[in-house]
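Student: The sequence isn't on hand, but the structure is:
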């Protein structure tokens, strides 16, 4: 297992992060324990959860499973979603943040959270209020690093600017969706994170199971999967060329001697700016295959084919500005033309 720095920080995390969204949903506590132990045995030191997963059972299970061995692992959790019927039981207000962190620490049976994510955008709370509250948690030792998920580039940059101007703890990690069939973050968000030194930990690197070999090109549902059950399946975000990408993936997987899931995840963790990919499963057996995405490298030919077939068209202004340096260079010594 490879370990990578989280952005500009000194924190090191495994290139595969164990996702626990299934804990308490499709995996009971016994199976969840098997999943955690299998990931740890493979070298995973990074585990992701959220206070809202399975009505908080994900955090509860994880706290039980890691009791007595917490210091060995990097634990990330999130907050935003409604945790009760009250008007202040969700969002990013100072009131909710302070309540949410105490509740997560209690469920996790831990004294601190390594990475505390804002799960979604809250347009009803000023960024200053939210960021000051998070800074207080870092100063109190309840949170090591703050982070955000699912932000637009402009909003992420605004948050970083506010924190830097006020000398508050700033976001050190960003968690977006990213896979061979959802590559939108490459235009603005990845360059921003690289420029500002943020780690990037991506969710859905297997596109909710679409890239695991369970689906054929043209299919969007499969028996016994999230798509059939109607939860946490991100097909609405897939690029128009998703079926061409899936066809290429299946062929590349066969030629590389790895499963489609392993190849899909391997491609993600080899992309510039990516720190870690979150991988989850319903069973330990399922995870065993996915963990095979570590400790090897795609051939140059395979990587190029997958990158090429899945590439999204450049959008304005990138499409207009991509070759402007060549235009300048070609004009040297000649009369520039408009």
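Tutor: Thanks, I have the structure now. Note that the coordinates shown come from a computational prediction; the quantities given were computed from them, not determined experimentally.
Student: tell me the SS of residue 168?
Tutor: Classification of residue 168 using DSSP: H, G, I helix; E, B strand; the rest coil returns coil.
Student: separation between it and residue 129?
Tutor: From residue 168 across to residue 129, the span is 12 Å (Cβ to Cβ, to the nearest Å). Just so you know, the C-beta spots here come from the backbone N, C-alpha and C atoms, and that holds for glycine as well.
Student: and the next element down the chain from the helix or strand containing residue 133?
Tutor: Residue 133 is part of helix 127-139, with elements assigned from DSSP states H and E. Counting by DSSP H and E, the next helix or strand C-terminal to helix 127-139 is strand 143-149.
Student: ok so, going back, quick check: angle from the helix holding residue 133 to strand 143-149?
Tutor: Helix 127-139 runs at 150 degrees relative to strand 143-149, counting by axes from the mean of the first three to the mean of the last three Cα atoms, to 10 degrees.
Student: Just the buried positions in helix 127-139, please.
Tutor: Neighbour-count burial for helix 127-139, counted by 16 or more other Cβ atoms under 10 Å, picks out 130, 131, 132, 133, 134, 135, 136, 137, 138.
Student: swap in stretch 226-235?
Tutor: Within stretch 226-235, the residues scored as buried using 16+ other Cβ under 10 Å are 226, 227, 232, 233, 234, 235.
Student: How about the first one, nearest residue that isn't a chain neighbour?
Tutor: The shortest distance from residue 226 to any non-neighbouring residue, by Cβ to Cβ, 6 or more residues apart in numbering, is to residue 233 (4.2 Å).
Student: In a helix, that neighbour, correct?
Tutor: No - counting by three-state DSSP, residue 233 falls outside a helix, being coil.
Student: give me every residue that touches it.
Tutor: 208, 209, 225, 226, 227 (Cβ atoms under 8 Å, 6 or more residues apart in numbering).
Student: And residue 76, by the same measure?
Tutor: Here residue 76 is in contact with 17, 46-49, 113-117, 147, 173, 201 (criterion: Cβ under 8 Å, 6+ apart).
Student: And residue 22, how far from residue 62?
Tutor: From residue 22 across to residue 62, the span is 12 Å (Cβ to Cβ).
Student: Please disregard the earlier target; I meant residue 55.
Tutor: With the distance defined as Cβ to Cβ, residue 55 ends up 14 Å from residue 62.
Student: Neighbour count: these two, which is higher?
Tutor: Each of residue 55 and residue 62 has its neighbours counted (other Cβ atoms under 10 Å); residue 62 has more, 30 against 11.
Student: Tell me the spacing between that one and residue 276.
Tutor: Remark: distance between residue 62 and residue 276 (Cβ to Cβ) = 17 Å.
Student: Could you do residue 123 as well?
Tutor: 28 Å.
Student: Dump the buried residues of helix 127-139 to a markdown table, plus pLDDT.
Tutor: Below are the buried residues of helix 127-139 laid out as a markdown table (pLDDT from 0 to 100):
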| residue | pLDDT |
| --- | --- |
| 130 | 97 |
| 131 | 98 |
| 132 | 98 |
| 133 | 98 |
| 134 | 98 |
| 135 | 98 |
| 136 | 98 |
| 137 | 98 |
| 138 | 98 |
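Student: got TSV for those, with distance to residue 9 too?
Tutor: Conversion of the buried residues of helix 127-139 to TSV gives the following (distance: Cβ to Cβ, whole Å):
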residue	distance to residue 9
130	21
131	18
132	21
133	21
134	15
135	16
136	19
137	16
138	12
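Student: for whichever strand or helix holds residue 244, which positions count as buried?
Tutor: If you go by DSSP H and E, residue 244 is part of helix 242-256. Using 16+ other Cβ under 10 Å as the test for burial, helix 242-256 gives 242, 243, 245, 246, 248, 249, 250, 252, 253, 256.
Student: contacting residues for the fifth one?
Tutor: With contacts taken as Cβ under 8 Å, 6+ apart, residue 248 has the following neighbours: 305, 306, 309, 310.
Student: now do the fourth one
Tutor: When contacts are counted by Cβ under 8 Å, 6+ apart, residue 246 is found next to 181, 210, 211, 215, 216, 217.
Student: In PyMOL, how would I select the buried members of those residues?
Tutor: A single PyMOL command selects the buried members of these (16+ other Cβ under 10 Å):
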select buried, resi 181+210+211+215
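Student: Mind putting the contacts of residue 246 into CSV with secondary structure and pLDDT?
Tutor: Conversion of the contacts of residue 246 to CSV gives the following (DSSP: H, G, I helix; E, B strand; the rest coil; pLDDT from 0 to 100):
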residue, secondary structure, pLDDT
181, coil, 96
210, coil, 94
211, coil, 96
215, coil, 91
216, coil, 91
217, coil, 91
